[in-house]
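S.K.: Could you look at this predicted model? Sequence included:
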Amino acid sequence: MSELVAYFLSNLVWSLIVFVILFVAFTAAFARGQLGGFAVALGRVLLSIVTSPFVYMRKAAAGIVGYTREGEEEYRASDQYLLNKLMLTLQAVLIVAVVAALSASLVATWNAWMPPEGSRDAAREQRVRVEEQRVKRQEAATALAALDSEWERKRISAVARFRTGQQRVVNDATNEMTEAEVLINASGNATAGRVLSDMRATANRGDTDSERHIGWTKSRLDSHVNSYWYWLDENTRRPLKNWSEQWALRTNAQFQLDTVTPDVLRLREQPNLEATKQAQERTASELQQMESVLVMLDEQASLRWKAAALTALRCAISIFLFAWLVGVFIEAAWLAVRVAGDVRRIRLNAEGETAEPVAVAGAEQRLTVREPLPTAFPLRT
């Protein structure tokens, strides 16, 4: 059956169309074409499923109201005294249980509707923290914007100043190397000339694609001088060492000219740029997380209409089924009591028809038959 219901819901439009067609055909075949009257009667029957427990509760309340002192006497006159009292007590218990269930349902619905305790205070505190974090993010964004504006103003002059400075280093180092070569050649020291030639060859073969490689090449240049240290005099050692130093300065300066971009130069001009960017990104990320938490807390602090409606519906269905089942049980039990009373009355009536009167002391004796106690809801009508 569940598969049929699932298939009906998954094809709802066509299922409803086929249902209407079959309903009209069924009415025409079995209800003699009285579509309107049959539909109204069917609706009333289905509606009575919902209203019947309340009608039963009203009749049960009327039966309890009819239980007076005279009614107690009538119950005592019945041969099913305890059973009648038990049925009446079950009706009273049912009414009390339904009223208690209704009160519990109202409390449960109220609790489901209201937000958890402390959720509104938590949302209020979180909102204050979010506002503080927004101020921090704005301050970080303002600081970064100030650095951007400053760099835009001095970017061209800073790049030009950097390139000019590095080119000056290249030119000065080249001149120093030329002077060192002149001094070495003028010394007449053949060993110094050979060392200079070896240093030139090493410098031409050296790797200059990074500052570390340039340092390695300079170490090899110095090793040439150190290897022939004792064959050189003071007038040749100093120019050779100076040539090595100036080559390193010139090569590093040229490497800076070739590789340094405006972004790298900006980091040199603004050392706090990265820290400012990280602060801006961090505050923005923290603000986003705090806003997500605030949304969650606002949802928790809001009135939960859906949860309240579902709770009320579940409670109503539970009370409805409870009243139906217990009411049917009480009616079935009271029916058995009533059947027992009817059987006794029929038996006594049958015995009364065959009994003959007996004369005692001139008085006429008659067989008396006690009327059974009505066991319907009200004792008196």
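M.R.: Right, received. Where do you want to start? Predicted, not measured: the structure shown is a model, and the values here were computed from it.
S.K.: pLDDT on stretch 208-218, on average?
M.R.: The average of the pLDDT scores along stretch 208-218 is 84.
S.K.: Using CSV, list the CA coordinates for that stretch.
M.R.: Output in CSV follows, covering the C-alpha atoms of stretch 208-218 (Å, rounded to 0.1, in the frame of the first residue of the first chain):
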residue,chain,number,x,y,z
THR,A,208,74.4,35.0,-12.5
ASP,A,209,70.7,34.1,-12.4
SER,A,210,70.4,34.6,-8.7
GLU,A,211,72.2,36.3,-5.9
ARG,A,212,73.3,33.0,-4.4
HIS,A,213,74.9,31.9,-7.7
ILE,A,214,76.7,35.3,-8.0
GLY,A,215,78.1,34.7,-4.5
TRP,A,216,79.4,31.3,-5.5
THR,A,217,81.1,32.8,-8.6
LYS,A,218,82.7,35.5,-6.5
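S.K.: Show me which positions of that stretch end up buried.
M.R.: 214, 217, 218 (16 or more other C-beta atoms under 10 Å). Where C-beta positions appear, they are placed from N, C-alpha and C, glycine not excepted.
S.K.: The helix or strand the last one falls within packs against which elements?
M.R.: It stands for residue 218. With elements taken from DSSP states H and E, the one containing residue 218 is helix 211-227. Under the contact criterion of 3 or more C-beta pairs under 8 Å, 6 or more residues apart in numbering; DSSP states H and E, helix 211-227 touches helix 190-205, helix 234-259.
S.K.: now the helices for this protein?
M.R.: 2-10, 12-30, 35-65, 69-77, 81-113, 119-187, 190-205, 211-227, 234-259, 262-269, 273-301, 305-354 (DSSP state H).
S.K.: same question for the first one, mean pLDDT?
M.R.: Read that as helix 2-10. On average, helix 2-10 scores 67.
S.K.: Would you mind giving the orientation angle of the helix holding residue 218 with respect to helix 190-205?
M.R.: Computed by axes from the mean of the first three to the mean of the last three C-alpha atoms, to 10 degrees, the angle separating helix 211-227 from helix 190-205 equals 170 degrees.
S.K.: what angle separates helix 211-227 from helix 234-259?
M.R.: On the basis of the same axes, to 10 degrees, helix 211-227 is oriented at 170 degrees to helix 234-259.
S.K.: Could you list the residues in contact with helix 211-227?
M.R.: Helix 211-227 is touched from outside by 195, 198-199, 202-203, 206-208, 232, 237, 240-241, 243-245, 247-248, 251-252, 255, with contacts defined as C-beta atoms under 8 Å, 6 or more residues apart in numbering.
S.K.: show me where pLDDT drops low in this protein?
M.R.: Scanning the chain for pLDDT under 70 picks out the ranges 1-2, 4-5, 7-8, 31-33, 67-80, 352-381.
S.K.: Quick test: name the residue nearest the centre of it.
M.R.: The centroid of the chain falls nearest to residue 296 when counting by C-alpha atoms, centre = their mean (7.6 Å).
S.K.: Could you report the distance from that residue to residue 43?
M.R.: Applying C-beta to C-beta, to the nearest Å, the value for residue 296 to residue 43 is 45 Å.
S.K.: try residue 130
M.R.: Separation of residue 130 from residue 43 (C-beta to C-beta): 54 Å.
S.K.: I'd like the helices and strands packed on helix 211-227 as CSV, with mean neighbour count appended.
M.R.: Shown next, in CSV, are the helices and strands packed on helix 211-227 (neighbours: other C-beta atoms under 10 Å):
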stretch, mean neighbour count
helix 190-205, 16
helix 234-259, 18
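S.K.: Include distance to residue 22 when you put these into TSV, please.
M.R.: Compiled in TSV, the helices and strands packed on helix 211-227 are given as follows (distance: least, C-beta to C-beta, whole Å):
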stretch	distance to residue 22
helix 190-205	98
helix 234-259	84
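S.K.: Of those helices, which is nearest residue 85?
M.R.: For residue 85, the closest of the helices and strands packed on helix 211-227 is helix 234-259, at 105.6 Å, according to C-beta to C-beta.
S.K.: out of the helices and strands packed on helix 211-227, which comes closest to residue 177?
M.R.: Set against residue 177 and scored by C-beta to C-beta, the helices and strands packed on helix 211-227 come closest in helix 234-259, at 4.7 Å.
S.K.: just the angle between that closest one and helix 119-187, please?
M.R.: Compare the direction of helix 234-259 with that of helix 119-187 by the same axes, to 10 degrees and you get 140 degrees.
S.K.: elements contacting helix 234-259?
M.R.: Judged by 3+ C-beta pairs under 8 Å, 6+ apart, helix 234-259 is in contact with helix 119-187, helix 190-205, helix 211-227.
S.K.: Return the most buried member of the helices of the chain.
M.R.: Mean neighbour count, computed with mean count of other C-beta atoms under 10 Å, is highest for helix 234-259 among the helices of the chain, reaching a mean of 18.
S.K.: what's the spacing between that helix and its chain's center?
M.R.: How far helix 234-259 lies from its chain's middle: 66 Å, per C-alpha atoms, centre = their mean, to the nearest Å.
S.K.: what's the answer for stretch 168-179, then?
M.R.: Computed by C-alpha atoms, centre = their mean, the chain-centroid distance of stretch 168-179 equals 69 Å.
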